[in-house]
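1. Predicted model and sequence follow; I will ask about them next.
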Amino acid sequence: MASEPRVIVVGGGLAGLAAAVRVAEAGVAVDLFSMVPVKRSHSVCAQGGINACTEPVRQEGFSEWDHFDETLYGGDFLNHQPPVYEMAYAAPKIIDLLDRMGVPFNRTPEGFLDRRYFGGSVFRRTHYTGASTGQQLLYGLDEQTRRYEAEGKVTKYEFWEFLWPVVDDDGVCRGIVAQDMRTMEVKAFRADAVVMATGGCGLIYGKSTMSVICTGGAASRCYQAGAWLGNPEMIQVHPTAIPGEDKCRLMSESARGEGGRVWVPGIKDDNGEWTPHPDAGRHPNEIPEHERYYVLEEMYPNYGPTPRHGNLVSRDVATRGIFFAVQKGFGVGGGRMAYLDITHLPQDTKDKLAAILEIYEKFTGDDPRDVPMKIFPAVHYSMGGLYAVYETEQEPKPKFLCDIVPEDAGRRKDPSKPAHPGMVHGSPWNMMTNVKGLYAFGEVNFSYHGATRLGANALLSCIFDGLFCGLGVANFARTQAKEDPSEGVADEVFSRYVAQETAKSDKLIATVGSAEEGVDPYELHRKLGEIMTDELTVVRTQEGMQRALSIVRSFIEDYKRVKLGDNGVWTNQNLSFTRALGDMLIYAEAMLLAGIERKESRGCHYCSDQDGRDDEKYQKTGVCQYDPATGTHKVVWEDVPIPLIEPRIRDYSGKK
Amino acid sequence: MIAANKPEQFTVRIKRQDGRDQPSYWQSFTVPYTANQNIITVLQQVAANPVTTDGKRVAPVAWDCGCLEEVCGACTMVINGRVRQSCSCLVDELFTGTHDQVITIEPMSKFPVVRDLFVDRQRMFENLKKIKGWVPIDSTAALGPGPKETPDEQHERYAISRCMTCGCCLEACPQFTKDNDFVGAQVIAQALYFNEHPTGAELKGERLDVLMGPGGVTDCGNAQNCVKVCPKEIPLTEAIAKVGRQLTVHAVKRFFAGKR
């Protein structure tokens, strides 16, 4: 009983839209779900650019292999190598495609694509559109999606919230349950493959650079339904953001890529040692040059072509540099801030940064063209996320903890050619989670960035997942529709999940106006953000993470008494948020457990009580598995295969 | 800019509506003043303690927001009578001058209210479909680079491409109403954006056909409010003028081609 294949894509950011476009192009119908109009997805917030070894960069001595290598190096070798390899080699083609789509990339005087420096590389290999590259790339893909929508090949469900994956008794994903955020209708949708492209989980930290929709709720729901997580403890803290009451606003790495410098006030003694300046209250423009301590330049003077390139070390390294300086009392005005200074740059460079400079000016009232910006590190990106596998021609094949890739999967190999080092194009197994038919693309996918993501690699990995792995999704859906279609699955399987989700909502709504003294979800969220920011960001310790774990567990108990303030039957945002909060708590517990069990320092997972990186024990993915019956998590270790580049110790001091 | 006399607390009046096609009503809340407060923080404070100034506990206010850094376009509202993004609207800025310390927040009036401050701007996205707001590429296959572009051309297109579909221009436009067909500045500027791209220009004729018809460019009354309220300072009136000129050429071409 064959049927027309259908694919559901959850999330309309870069990864989701790229997937929708690619699957639709392959001739498979797409239902696209998003909590917001897709054009408002969090990808709009990405600022700096997108990395690729395009032709002019190659002629400056860079290569796709270098891009591949520096991505692994930045990620402290926790990345999966075949997917990263494939991504680096696809990057220049992706740039060309975006260019063809009409993305207004900045140009050289002759009309070619311009490039800028970015973190974690000594090559100018980051392509950009002003300082709002993510917005521009998202719009490019939004436009192509609209085209398919107009042709009837993509159906959008905007203002629909993903509630649960429909997984049948054989463990195959058959669709989703979602809720219309306006009418509050809960409904099941069938599909032959489901792509989760739901982004990061910054809201677990209360304030981050992420949008208010980035709760990680969707990933957590898949996790509770049986999908695994990979390295959820790996959370990037971006070196430069404007601290705010409602969120931390990103100040792009492009500011430093274009020559911006990080400094704090200080006094240098005769031995070259810096101490905090006693007069904390001075206006930055009154501080003389010799009392400006350029923290990162002094720490990493030999990293790049000039000492100023020290500002562009890998993000986790830069973040720690700023964080420790502030901890030692160097903070601006004695507080938790440092300066990001672009005042010395020429006007045309400032114009290229206009988008972020305007943000700074609007939100602080100071003009960063004249006065150095006050910044501090802030939670920014989830390297970890849903666990996913892939197919490669390499022998020996990676040993995945789940047996979702069949033994004979490599049958398409051309025997006249050496084994391809990357992923097999069109393979249905690329970026499938351990749940058959459920995929993870973009930020929610753990595969690409290891323990730290390099700047301007996020846009790339999101688009790459959608375009490259999208074909595999279409292929899988077509086979399923022929052999085992979702249409053939009993209604009962779907109605069971609709009942589960309806019961969950009803229970929360029933708390409104109850006589009992309940727990306020917003207050609980604030407290969750505080403890996670305290214990699972820049510096981590066993003691701290254990403390956070016991507190988060007490919050999970508190959550059982959570009380809503809104029983509205129309656009009940209180319900949506509170439901996500329950899922955030479970995700937070997994993050802490994985962090506690990883007894080493690697990338962003810097533990002041551990002795550096321990490849013997932890050159592995921490795979989290959840048991819904008992509400317990298990962390299982899976080797990160090393088919191409042997891990080496990371060192940005110039002795690479 | 910092208000000269910072109040300890202030009143915020919010125009509410319980659902689509329901009557609207006003409620006032007292909110503590905090440093660097924006309208989103104010709404969060109301959400944390949804008790009106007369002591009545009410349902929390619904509103739309996303990035909170004025790039997603979600949080457009009418604040003290002016349409703008609520995230980048600082309370201090509202309290300068002689304004008494009351802030009023209303939903946009040109779009159907979903609930409270949350409106449905689907019409803007539908209009993008109407004018075929995309570059018709062959496929996503690797087919080499796109057309070359001068920095000036890029500059011009980038300025329009920063449009975040927030709807400020339409709210401020006297010609754009809830029930008429006028597409407004947003879509006219977007049509220009795609017409100016060499591959995008493939669909220029079809776009201009749409903009020549009812609800098209001729409905613009040249009030120039759009350009004044655009948070991204997109040269909207210039774009409308350019599309107007493209339309003239298009009409002449059609005349000689014998099409009506």
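-> Ah, there it is.

2. Give me the three-state assignment for the closest residue to B:G81 other than its chain neighbours.
-> Using Cβ to Cβ, 6 or more residues apart in numbering or on different chains and skipping residues adjacent in sequence, the residue nearest B:G81 is B:T104, 7.2 Å away. Glycine gets a C-beta too; all of them are placed from N, C-alpha and C. Put simply, B:T104 is strand when judged by DSSP: H, G, I helix; E, B strand; the rest coil.

3. Next, count neighbours for B:T104.
-> A count of nearby residues for B:T104, using other Cβ atoms under 10 Å in any protein chain shown, gives 17.

4. Bridge partners for it, pull those for me.
-> Taking DSSP bridges as the rule, B:T104 bridges to B:R13.

5. can you pull the pLDDT of it?
-> For B:T104, the pLDDT comes out at 97.

6. what residue ranges in the chain score low on pLDDT?
-> Using chain A. A:1, A:410-412, A:655-656 (pLDDT under 70).

7. wrong one, chain B
-> Short version for chain B, where the test is pLDDT under 70: B:1-5, B:97-100, B:259-260.

8. Let me see the domain layout of it.
-> B:9-119, B:122-256 (automatic domain parsing).

9. I'd like to know which of those lies nearest to A:Y559.
-> When the domains of chain B are compared by Cβ to Cβ, domain B:9-119 sits nearest A:Y559, at 17.4 Å.

10. So the residue nearest to B:G81 is in contact with B:T11, correct?
-> No. Under the criterion of Cβ atoms under 8 Å, B:T104 is not in contact with B:T11, lying 9.3 Å apart.

11. quick revisit: for A:P647, which of the domains of chain B is the nearest?
-> Comparison of the domains of chain B against A:P647 by Cβ to Cβ identifies domain B:122-256 as nearest, at 31.3 Å.

12. can you map out the strands along the stretch 251-400 of chain A?
-> Listed in chain order, the strands of the stretch 251-400 of chain A (DSSP state E, counting those that start in this stretch) span A:261-268, A:274-276, A:292-293, A:338-341, A:373-382, A:385-386.

13. okay, the ones you listed, which one's buried deepest?
-> strand A:385-386 (a mean of 30; mean count of other Cβ atoms under 10 Å in any protein chain shown).

14. Pull the residues that contact that one.
-> A:196, A:200-201, A:219, A:222-223, A:227-230, A:232, A:433, A:440, A:443-446 (Cβ atoms under 8 Å, 6 or more residues apart in numbering or on different chains).

15. what about 10 Å?
-> The list of residues contacting strand A:385-386 from outside it, by Cβ atoms under 10 Å, 6 or more residues apart in numbering or on different chains, reads A:196, A:198-201, A:216, A:218-220, A:222-223, A:227-232, A:234, A:431, A:433-435, A:438-449, A:587.

16. So which elements touch the helix or strand just after that strand?
-> As assigned by DSSP states H and E, the chain's next helix or strand after strand A:385-386 is strand A:438-440. Counting contacts by 3 or more Cβ pairs under 10 Å, 6 or more residues apart in numbering or on different chains; DSSP states H and E, strand A:438-440 packs against strand A:6-10, strand A:160-167, strand A:173-180, strand A:193-196, helix A:217-224, strand A:385-386, helix A:470-483.
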